[in-house]
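Chemist: Below: sequence and its predicted model.
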Amino acid sequence: GPLFALPAGQLATAIGIEYRHEQLDDHFDPFATSGGVIDLNSTSASGSRDVIGGFVEFYAPIISSEMQIPGIDGLEAQFALRGDGYSDFGSTVNPKIGLAWRPVPDWLVVRASYSTGFRAPSLVQSSTGSLTFSQDLQDTTRFLVTGAPEDESSSIQILSGGNPDLDAEESDNFSTGLVFTPPMLPGFTFTADFFRIKVENSVASLDPQFILDDESDFPGLVARAPASDADIAAGIPGNILLVNTQFQNLGFVKVQGVDIAAEYLSPPTRVGKFSLRLDAAFIDSFEQQASPAEPVRDLAGTYLRPRARGRAQLGWRLGGFEAVGTFNYTDSYDDAVGDRTVDYSTTFDALVEYRFARETASDDSALTPNDKKTVVPPAGSARRHDWLNGVAVRAGVLNIFDDPPPFANNVAGYPSGLEDPRQRFVFLGLEKKF
């Protein structure tokens with residue numbers, strides 16, 4: 001709320017505090033943990049943490065239109081400070097500073113922000129059990145010398161799972177962009193934002209072939225048998241026993257790109273209100289240094305890192321009814337194994353909802369799967385059917401045309417980090433607000 005008046009307006013603040021408890025129990029079937037599954041060994045694990053967090057945020061108008069300063073219709077600043085205390089990772093405090101400049105009234109805002117961040121590894125990354133399985137890989141170190149078929153491709157044991165020795169990630173984040181709302185086209189908004197994010201101690205699970213191709217840069221991740229006399233004579237190490245792909249702290253990751261969005265909200269018509277929204281994200285670079293000994297690599301366009309993703313939504317609202325159709329697009333990218341490309345993917349989703357009551361007076365935006373808005377019932381109906389107030393019924397279909405995910409050359413057979421193997425998914429929902 002407001003604190004006191006400044007020359008350009010009210011200084012406002014917001015304060016919050018939170019507590020959360022996280023717990024993960026990762027228990028494999030006893031048949032799997034006892035070696036009952038061929039070529040698969042696993043161990044169960046569990047973990048938990050308590051987190052106490054708080055924040056304070058200030059909004060300060062610096063220049064207002066009443067000051068009549070040329071080229072500045074408005075200038076506002078935002079300052080925020082957040083602190084978190086983890087039962088397993090200590091405490092951290094991170095600031096955020098933002099500026100918003102309106103050079104002309106109503107239709108253009110230029111904005112920028114800078115912040116630091118802290119992210120403790122998720123319990124999935126730190127506390128899941130281990131899983132060992134086999135995968136056909138090339139022993140690059142030996143194959144470059146021997147040229148032997150068994151070194152070119154052979155079944156190698158892979159260790160995956162959580163790593164309790166992980167450190168937290170720390171980040172620097174910068175963004176700048178604009179919001180364009182032309183008065184000659186009411187209801188239209190265009191936004192474009194450049195972003196740059198650098199994460200130190202980034203947590204990731206490395207691809208096993210990537211580790212083998214640069215084995216000397218990842219000491220301790222490849223276990224080998226003792227070298228035989230022939231191996232010693234050839235100057236090569238012994239055969240691989242295991243490759244460790246458990247989550248690791250890497251050197252750093254720096255990503256920069258552009259987010260673009262355009263939205264049009266129609267005025268009311270006899271057949272309802274309509275909305276159209278387009279969102280797109282473009283990755284210019286995805287630099288990663290996996291270890292201090294590794295060179296910096298640009299991974300934009302490589303496996304699970306498409307350069308472009310987009311979404312288009314068409315929405316409609318009339319009385320208590322709302323509907324939205326969504327088109328999703330993911331660009332193609334290089335596969336992790338082999339000289340091939342993972343194809344681009346497209347899917348279509350649909351959602352229909354009816355609400356019997358309304359909590360917010362008016363909003364012309366389209367319905368989305370996370371939308372919580374409601375609509376005004378006809379006069380008197382709420383009194384006749386009080387039990388329906390706050391009730392919403394929805395139905396939807398993800399991937400209407402049942403399109404399969406594109407093929408990827410891995411154990412799963414598809415890019416599991418981006419695609420949903422369920423294909424068409426139908427859901428129903430019933431909600432009651434009190």
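Modeler: In hand now; what should we look at?

Chemist: Could you check the pLDDT of the residue nearest to Val337 when sequence neighbours are not counted?
Modeler: Take Val337 and drop its neighbours on the chain: the residue closest to it by Cβ to Cβ, 6 or more residues apart in numbering is Asn409, 4.2 Å away. C-beta: built from backbone N, CA, C; applies to glycine. What the model reports as pLDDT for Asn409 is 84.

Chemist: wait, isn't Asn409 in contact with Arg340?
Modeler: Yes. Assessed by Cβ atoms under 8 Å, Asn409 is found in contact with Arg340 at 6.7 Å.

Chemist: just to revisit the earlier point, report the contact partners of the residue nearest to Val337.
Modeler: Each residue near Asn409 by Cβ atoms under 8 Å, 6 or more residues apart in numbering is listed here: Asp335, Ala336, Val337, Gly338, Arg340.

Chemist: For the protein, which residues score under the pLDDT cut-off?
Modeler: Along the chain, the model assigns pLDDT under 70 to residues 28-42, 357-385, 411.

Chemist: How is it divided into domains?
Modeler: Domain assignment for the chain by automatic domain parsing gives 21-55+85-266, 301-434.

Chemist: Relative to Gln288, which of these is closest?
Modeler: Among the domains of the chain, the nearest to Gln288 by Cβ to Cβ is domain 21-55+85-266 (5.0 Å).

Chemist: just the strands in the stretch 251-400 of the chain please.
Modeler: Along the stretch 251-400 of the chain, the segments classed as strands by DSSP state E, counting those that start in this stretch run 252-265, 273-289, 297-298, 308-318, 321-330, 333-334, 341-342, 345-355, 391-398.

Chemist: Glu263 pairs with what?
Modeler: Glu263 has the following beta-bridge partners by DSSP bridges: Thr189, Arg277.

Chemist: show me the contacts for it.
Modeler: Residues near Glu263 by Cβ under 8 Å, 6+ apart: Phe188, Thr189, Phe190, Ser275, Leu276, Arg277, Leu278, Ser365.

Chemist: same deal with Ser228?
Modeler: Residues counted as contacts of Ser228 (Cβ under 8 Å, 6+ apart) are Gly238.

Chemist: got it, and Tyr329?
Modeler: By Cβ under 8 Å, 6+ apart, the contact list for Tyr329 reads Ala308, Arg309, Gly310, Arg311, Tyr344, Ser345, Thr346.

Chemist: Not counting residues beside it along the chain, what's closest to the last one?
Modeler: Think Thr346. Closest to Thr346 by Cβ to Cβ, 6+ apart is Tyr329, at 5.4 Å.

Chemist: is that neighbour in a bridge, and if so with what?
Modeler: Where Tyr329 sits in a bridge, its partners, by DSSP bridges, are Gly310, Thr346.

Chemist: measure it to Tyr264 for me?
Modeler: Computed as Cβ to Cβ, to the nearest Å, the Tyr329 to Tyr264 distance reads 19 Å.

Chemist: same question, Glu152
Modeler: Using Cβ to Cβ, Glu152 is found at 56 Å from Tyr264.

Chemist: For Ser339, the count of nearby residues, please.
Modeler: Quick fix: residue 339 is Asp, not Ser. Residue neighbour count, defined by other Cβ atoms under 10 Å, stands at 6 for Asp339.

Chemist: so how far is Asn409 from it?
Modeler: Taking Cβ to Cβ, one finds Asp339 at 10 Å from Asn409.

Chemist: likewise Arg297?
Modeler: For Arg297 relative to Asn409 (Cβ to Cβ), the value is 20 Å.

Chemist: do the same with Pro183
Modeler: Per Cβ to Cβ, Pro183 is found 53 Å from Asn409.

Chemist: Repeat that for Gln209.
Modeler: 10 Å.

Chemist: what about stretch 161-180, how long is it end to end?
Modeler: End-to-end distance of stretch 161-180: 46 Å, with Cα to Cα, to the nearest Å as the criterion.

Chemist: hang on, the earlier thing: okay, the contacts of Glu263 in CSV with distance to Arg111 next?
Modeler: Shown next, in CSV, are the contacts of Glu263 (distance: Cβ to Cβ, whole Å):
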residue, distance to Arg111
Phe188, 18
Thr189, 14
Phe190, 13
Ser275, 23
Leu276, 24
Arg277, 20
Leu278, 20
Ser365, 20
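
Chemist: Give the PyMOL command for selecting the buried subset of those.
Modeler: To isolate the buried members of these in PyMOL, using 16 or more other Cβ atoms under 10 Å:
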select buried, resi 190+275+276+277
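
Chemist: In the contacts of Glu263, find the pair that's most separated.
Modeler: Within the contacts of Glu263, Phe190 and Ser365 form the most distant pair, 15.3 Å apart (Cβ to Cβ).

Chemist: Tell me, how many residues neighbour Lys273?
Modeler: 20.

Chemist: For it, which residues count as its bridge partners?
Modeler: Beta-bridge partners, per DSSP bridges, of Lys273: Arg317.

Chemist: Just to check, it is in contact with Phe321?
Modeler: No. Applying Cβ under 8 Å, one finds Lys273 not in contact with Phe321, separated by 11.0 Å.

Chemist: Can you show me the strands along the stretch 101-250 of the chain?
Modeler: Ranges of strands in the stretch 101-250 of the chain, per DSSP E, counting those that start in this stretch, are 108-119, 131-137, 154-160, 169-180, 188-200, 203-204, 222-224, 240-244, 248-249.

Chemist: quick one, the second one and strand 154-160 angle?
Modeler: What that stands for is strand 131-137. With axes from the mean of the first three to the mean of the last three Cα atoms, to 10 degrees applied, the angle from strand 131-137 to strand 154-160 works out at 140 degrees.

Chemist: List the buried residues in strand 131-137.
Modeler: Neighbour-count burial for strand 131-137 [16+ other Cβ under 10 Å]: Leu131, Gln135, Leu137.
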